[in-house]
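Q: Need coordinates for the following:
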Amino acid sequence: MVAPNYEDCRQKRVEENKKRLQELKLTVLAQSLRTISTPKPSPMKKVNRTPRKPVDMSVVRRSNRVADKPPASYKEVPIEPLGTRRSYGKSVRDLSNRVYASFEDREYASGRADELHSTLQSDFPSFVKPMLQSHVSGGFWLGLPVHFCKSYLPKRDEIMTLVDEDEAEWQTKYLPRKTGLSGGWKGFAEDHKLADGDALVFQLIKPTAFKVYIIRVNQAEDSEEA
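A: Predicted coordinates:
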């Protein structure tokens, strides 16, 4: 017996399947579903676009926080040439009228102050402080001996009273971290016309009060003339 050809069997099966599909009307159903599922293209909507206004580049956009403030200026500032002194207005101190004491006058005033210091009662600690330009003009800051401050003066910021030889009083602020007198010292220095080279003797008569003795540097000239 001759075996059937594979191609003939396949073709026969295809024909049988087509006949069954026609009997079940599946081909027509598939075509109808394909027609329904295919969406119709929607017509394009026309959009009326407003033309954009040109941007004015001369106007700078600013935040609301700075809108009420004047605009910043970015104008180039010329650089000052080297060797030219800058002017700072009123903040510049005029140092041309400063008078500096000579070495001999300083030695004389300090010697007189040491003599006075040696005559003071030892129950009240004291020290000698020669004056420099920074003490009597400009900065008006008076640094005190560190050892004296740590041994006798308050450990916290305190108001110290300065009592002169006429028993007049001035209030100054003592800063222990910097071991010196700040606020109020300027008034004492100016009121007593302290000068570079003067020597002051500070005697602690109370925990927060100094008795101050002033030895003038120009007393050396007066003694020579006499």
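
Q: So what pairs up with Tyr174 in the strands?
A: Beta-bridge pairing of Tyr174 under DSSP bridges involves Glu158, Leu181.

Q: Tell me how many other residues crowd it.
A: Neighbourhood size, Tyr174 [other C-beta atoms under 10 Å]: 24. All C-beta atoms are positioned from the backbone trio N, CA, C, and that covers glycine.

Q: Return the residues in contact with it.
A: Neighbouring residues of Tyr174 by C-beta atoms under 8 Å, 6 or more residues apart in numbering: Leu153, Pro154, Asp157, Glu158, Ile159, Met160, Gly180, Leu181, Ser182, Thr208.

Q: go on, Phe210?
A: Taking C-beta under 8 Å, 6+ apart, we find Phe210 in contact with Met160, Thr161, Leu162, Val163, Phe202, Gln203, Leu204.

Q: any chance of the contacts of Tyr174 in CSV, with pLDDT and neighbour count too?
A: Output for these, formatted as CSV (pLDDT from 0 to 100; neighbours: other C-beta atoms under 10 Å):
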residue, pLDDT, neighbour count
Leu153, 96, 19
Pro154, 95, 13
Asp157, 95, 11
Glu158, 95, 14
Ile159, 95, 13
Met160, 96, 22
Gly180, 95, 18
Leu181, 94, 24
Ser182, 89, 16
Thr208, 96, 13
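
Q: Between those, which sits nearest Gln11?
A: The nearest member of the contacts of Tyr174 to Gln11, counting by C-beta to C-beta, is Asp157 at 114.4 Å.

Q: Break down the chain into its helices, ranges please.
A: For the chain, applying DSSP state H gives helices covering 6-24, 26-37, 103-119, 133-136, 146-152, 185-191, 219-225.

Q: Including mean neighbour count and distance to Thr50, could the ones you listed go into TSV?
A: Shown next, in TSV, are those (neighbours: other C-beta atoms under 10 Å; distance: least, C-beta to C-beta, whole Å):
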stretch	mean neighbour count	distance to Thr50
helix 6-24	10	59
helix 26-37	10	40
helix 103-119	16	87
helix 133-136	19	73
helix 146-152	13	79
helix 185-191	18	71
helix 219-225	12	93
